[in-house]
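# Starting from these lines, generate the structure:
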Amino acid sequence: MTSAARTFTGYEAFMVAILTILQFTIVLDFMVLSPLSAILLQELNITTAQFGLVVSAYAFSAGAAGLTAAGFADRFDRKKLLLFFYTGFIVGTFLCGIAPTYHLLLIARIVTGLFGGVIGSVSFAIITDLFPFEIRGKVMGYVQMAFASSQVLGIPLSLYLAHFWDWHAPFLLIVAVSVFVYGSIVWKMKPVTAHLALQKKLNPFRHLSHTISKSRYLKGFAATTLLATGGFMLMPFGAAFAVNNLGVTMEELPIIYIVTGVVSMIGGPIIGRYADRIGKMKLFIFGSVLSMILVVYYTQLGISPLWFLIVLNAILFLGITSRMISSQALMTAIPDPTDRGAFMGVNSSVAQISGGIASALAGIIVFQSPSGHLERYPVLGIIVAITMAITIWMMHFINRDIMERRKVEE
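Sure, this is the predicted structure:
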């Protein structure tokens, strides 16, 4: 049986499941701000620029934390590292759930970002340590279900709680799920320490300097910079755009998230298997081209039928999911085993900082008219499409380098 065709062992299945649920809490913590945008703009009486700052505050603090932690990331048991940062994430999210004002919410988002922004890089380092390259597309397909699950389960439930109770409720929901995940990791996850035997005797700062100076790694960081732009530019104002520009009601909004989430949830594992079967780069090109076309079209729409928006969003998310699964699988193959934690940490930081800048720019580019209509949203669509086109070119060279190195290793 080939690596790509083999089934997971019981422990591997547990790790895929627990990392998927963990990612669900991290993703939901970030994504829930988008559907809450329509509520927060009114409840806290803030501008689009201020809301963009709430989103980017998390990203900037996450980026700073990732860079600081990168030099140390390969010097500890990855399980202990995961638990440390997940503890801080739970505390930060709880603070969001009790923040009474805009400024306290902003501070809480910074705290959450300091810890939550590092968790993704630790998770991907664990995946790279535990699973061979030939099945990482399959693994990423399941882990990416976290994004779909947050839409099917998390966001609709969060919207329901926010609409009928209070906007703080979604964050408290995330805390409850996170505590369960934390206990499961403590109870069953084994230490991840194989990388420790490969470490050179470099101090953490020299290790970080070594990581950010390799040309092969710099290509990955450059591609990540643009890969982060799309989600951070469009997502924060997605709900406000749907409600104020497309004519979707607050009651209909969860339906869009549920249907597109179900499609992504079903499609994620299938897309992951195809990434391993037909090639991760081919899938990335397909997903990028599809996303480019639909993003430009979607952002220029006016009042539209609900069924049409549901279908369009579902197809768009399949394209975005294809890009995410294939690009993340390729990124895991860039670093040497001794640099995995550091590379993933820096890469996560680059994504968060780039996303923070994109969110802040999006908040400046778009503005809300007195009628509530979001102006200049199509400009964001054009910018995102251009970045997608450039990343195809950049990922081509990254994929070529990976294939050449794998031939040498074989």
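
# How far does the helix or strand containing residue 239 sit from its chain's centre?
When secondary structure is defined using DSSP states H and E, the element that contains residue 239 is helix 238-244. Computed by Cα atoms, centre = their mean, to the nearest Å, the separation of helix 238-244 from the middle of its chain amounts to 21 Å.

# Output the contacting helices and strands for that helix.
helix 33-43, helix 253-278, strand 374-375 (3 or more Cβ pairs under 8 Å, 6 or more residues apart in numbering; DSSP states H and E). For glycine as for every other residue, the C-beta is placed from the backbone atoms N, C-alpha and C.

# quick one: buried residues of that helix?
By neighbour count, and taking 16 or more other Cβ atoms under 10 Å as the criterion, the buried residues in helix 238-244 are 238, 239, 240, 241, 242, 243, 244.

# so the second one makes contact with residue 40?
Which is residue 239. No. Taking contacts as Cβ atoms under 8 Å, residue 239 lies outside contact range of residue 40: 10.0 Å.

# Now for these two: what residues contact both?
Common contacts of residue 239 and residue 40, defined by Cβ atoms under 8 Å, 6 or more residues apart in numbering, are absent altogether.

# ok so, going back, which one of the buried residues of helix 238-244 sits closest to residue 316?
Distance ranking of the buried residues of helix 238-244 against residue 316, using Cβ to Cβ, places residue 238 first at 10.9 Å.

# pLDDT wise, what is residue 396 at?
The predicted local distance difference test score for residue 396 is 91.

# err, residue 147, not the other one
At residue 147, the predicted lDDT confidence score is 67.

# show me where pLDDT drops low in the stretch 1-150 of the chain?
Within the stretch 1-150 of the chain, the segments meeting pLDDT under 70 span 1-6, 34-35, 37-38, 42, 48, 70-74, 147-148, 150.

# how close does the closest residue in space to residue 104 that isn't next to it in sequence get to residue 75?
Leaving aside its sequence neighbours, residue 104 sits nearest to residue 95 (Cβ to Cβ, 6 or more residues apart in numbering; 7.9 Å). For residue 95, the distance to residue 75 equals 29 Å [Cβ to Cβ, to the nearest Å].

# ditto for residue 406
From residue 406 to residue 75 the distance is 27 Å (Cβ to Cβ).

# Likewise for residue 261?
Distance check for residue 261 against residue 75: by Cβ to Cβ, it reads 38 Å.

# any chance you could map the helices in the stretch 51-200 of the chain?
In the stretch 51-200 of the chain, helices defined by DSSP state H, counting those that start in this stretch lie at 78-98, 102-130, 136-143, 145-149, 155-164, 169-188, listed in chain order.

# and of the ones you listed, who's closest to residue 13?
With Cβ to Cβ as the criterion, residue 13 lies closest to helix 136-143 of the helices of the stretch 51-200 of the chain, at 9.3 Å.

# Just list what the closest one packs against, helices and strands only.
Packed against helix 136-143 by the contact rule (3+ Cβ pairs under 8 Å, 6+ apart) you find helix 10-31, helix 102-130, helix 253-278, helix 306-331.

# possible to save those helices as a markdown table with mean neighbour count and distance to residue 221?
Listed next are these as a markdown table, based on neighbours: other Cβ atoms under 10 Å; distance: least, Cβ to Cβ, whole Å:
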| stretch | mean neighbour count | distance to residue 221 |
| --- | --- | --- |
| helix 10-31 | 20 | 21 |
| helix 102-130 | 23 | 12 |
| helix 253-278 | 21 | 22 |
| helix 306-331 | 22 | 10 |
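
# of these, which approaches residue 83 most closely?
Using Cβ to Cβ as the measure, helix 102-130 is the one of the helices and strands packed on helix 136-143 that comes nearest residue 83, at 9.7 Å.

# Tell me how far the closest one lies from the chain's centre.
The offset between the C-alpha centroid of helix 102-130 and the centroid of the whole chain comes to 10 Å, using Cα atoms, centre = their mean.

# Same question for stretch 167-176.
On Cα atoms, centre = their mean, the centre of stretch 167-176 falls 19 Å from the chain's centre.

# Low-confidence ranges, the stretch 151-300 of the chain, go.
Low-confidence regions of the stretch 151-300 of the chain, defined here as pLDDT under 70, cover residues 151-155, 157-158, 163, 195-208, 210, 230-231.

# The top helix by length along the chain vs helix 306-331, what angle?
Using DSSP state H to define each element, the chain has its longest helix at helix 377-409. Helix 377-409 and helix 306-331 meet at an angle of 30 degrees, taking axes from the mean of the first three to the mean of the last three Cα atoms, to 10 degrees as the criterion.

# what's helix 377-409 packed up against?
Counting by 3+ Cβ pairs under 8 Å, 6+ apart, helix 377-409 packs on helix 215-234, helix 280-298, helix 306-331, helix 340-365.

# for those, which one sits closest to residue 112?
For the helices and strands packed on helix 377-409, proximity to residue 112 was assessed by Cβ to Cβ; helix 340-365 is nearest, at 11.8 Å.

# quick one: residue 219 and residue 312, what's the gap?
Computed with Cβ to Cβ, the distance linking residue 219 and residue 312 is 33 Å.
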